[in-house]
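Student: sequence plus the predicted model coming up.
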Amino acid sequence: MGTTKFTFDTVFEARQDVVSDAARARKRITLSQGELDSMLSLARNEGLGAGQVRAMEDTAHAARDTISAIDAALARLREELHAVREGAVQVALAAARRLARTALARFPHEEVEDTLRQAMHQAVGEPRLTLRAAPDVAEALKARIAEIAHDEAFDGRVQISAEPHLHGADCRIEWRGGGLERSEAAIAAALEALASRHFSTSAQES
C-alpha cells in the first residue's frame, strides 16, 4: 500500500490576536463632551425644523379652510342682500304707485296742466293746439286755458276735447308739427324698467 505525502501551501505566521465583529461592536466607544454637544445640537435642530414644517403645513391648511368659510359666508350674504334689495325696491314701487294713484285721483287736472304747459313750449309758433283729456279734467281746465297760454307765451289757439275713453291724468296733446301724450300705464312701465335697471346695476356692483 502506497503512502501519500501531504504538502501545506498555507504558511502560518506568528500568532496574532483576532477580534471578532461582535467583540468590536461590544467595544465601548468614547466620545468627547464637544462631540456629544454637537450631536445633541444637530438632533435638536432637525427636530425643530421638522416641527416648524408641520406647523407651517397646519397653518396653510387652516388658512385655506378659513378662506373657504369666508367665501361661503360672503356668497350667502350677497344672496341675502340681493333678496333684501329686491324686496325693498318692490315695496318702494308699490308705495309710490299707491301714493301716485291717490294724488292723481284728487288732482288729475294738475298733471294734465303741467303736460299742457310742456306742449306749449314745444309747439311755439304753431297756430293751434288740441288737448284731449278725460271729461272732468277737460271741464276743469276750460276756464284756465287763456291764463295758461298767457303764462307760457303761446299765441296759438287752444282747443279742448273731452274724451270718454281717457281717465284720470291720461291725456293727448296734438299740434301740426308733433304731439305729446301722458299715460299712467306708460309711466308705471317706465318706472318699473328704471327700478329694475338700477337694482340690477347695484347688485352687480355689490
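Tutor: Cool, got the structure. Numbers count the residues shown, from 1 in each chain.

Student: where do the strands sit along the chain?
Tutor: 128-133, 157-162, 171-175, 178-182 (DSSP state E).

Student: can I get those in CSV with mean pLDDT and distance to residue 142?
Tutor: To be clear about C-beta, it is placed using only N, CA and C from the backbone, and glycine gets the same treatment. Formatted as CSV, those follow (pLDDT from 0 to 100; distance: least, C-beta to C-beta, whole Å):
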stretch, mean pLDDT, distance to residue 142
strand 128-133, 95, 10
strand 157-162, 94, 6
strand 171-175, 95, 14
strand 178-182, 90, 18
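
Student: okay if I get those as CSV plus distance to residue 150?
Tutor: Formatted as CSV, the strands of the chain follow (distance: least, C-beta to C-beta, whole Å):
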stretch, distance to residue 150
strand 128-133, 14
strand 157-162, 11
strand 171-175, 18
strand 178-182, 20
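
Student: nearest to residue 79, of those?
Tutor: Among those, the nearest to residue 79 by C-beta to C-beta is strand 178-182 (39.6 Å).

Student: can you put the strands of the chain in JSON lines and add mean neighbour count and distance to residue 109?
Tutor: Shown next, in JSON lines, are the strands of the chain (neighbours: other C-beta atoms under 10 Å; distance: least, C-beta to C-beta, whole Å):
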{"stretch": "strand 128-133", "mean neighbour count": "21", "distance to residue 109": "8"}
{"stretch": "strand 157-162", "mean neighbour count": "15", "distance to residue 109": "11"}
{"stretch": "strand 171-175", "mean neighbour count": "21", "distance to residue 109": "10"}
{"stretch": "strand 178-182", "mean neighbour count": "16", "distance to residue 109": "12"}
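
Student: mind checking these for the one nearest to residue 63?
Tutor: strand 178-182 (61.2 Å).

Student: circling back: what's the closest of the strands of the chain to residue 78?
Tutor: Evaluated with C-beta to C-beta, the strands of the chain place strand 178-182 nearest to residue 78, the distance being 39.6 Å.

Student: coming back round to it: looking at the strands of the chain, which is nearest to residue 77?
Tutor: strand 178-182 (42.5 Å).

Student: what's the closest one packed up against?
Tutor: helix 108-122, strand 171-175 (3 or more C-beta pairs under 8 Å, 6 or more residues apart in numbering; DSSP states H and E).

Student: what's the burial count for residue 124?
Tutor: 12 (other C-beta atoms under 10 Å).

Student: returning to that earlier point: among the strands of the chain, which is nearest residue 56?
Tutor: Closest to residue 56 of these, according to C-beta to C-beta: strand 178-182, at 71.1 Å.

Student: that closest one vs strand 128-133, what angle?
Tutor: Following axes from the mean of the first three to the mean of the last three C-alpha atoms, to 10 degrees, one obtains 20 degrees for the angle between strand 178-182 and strand 128-133.
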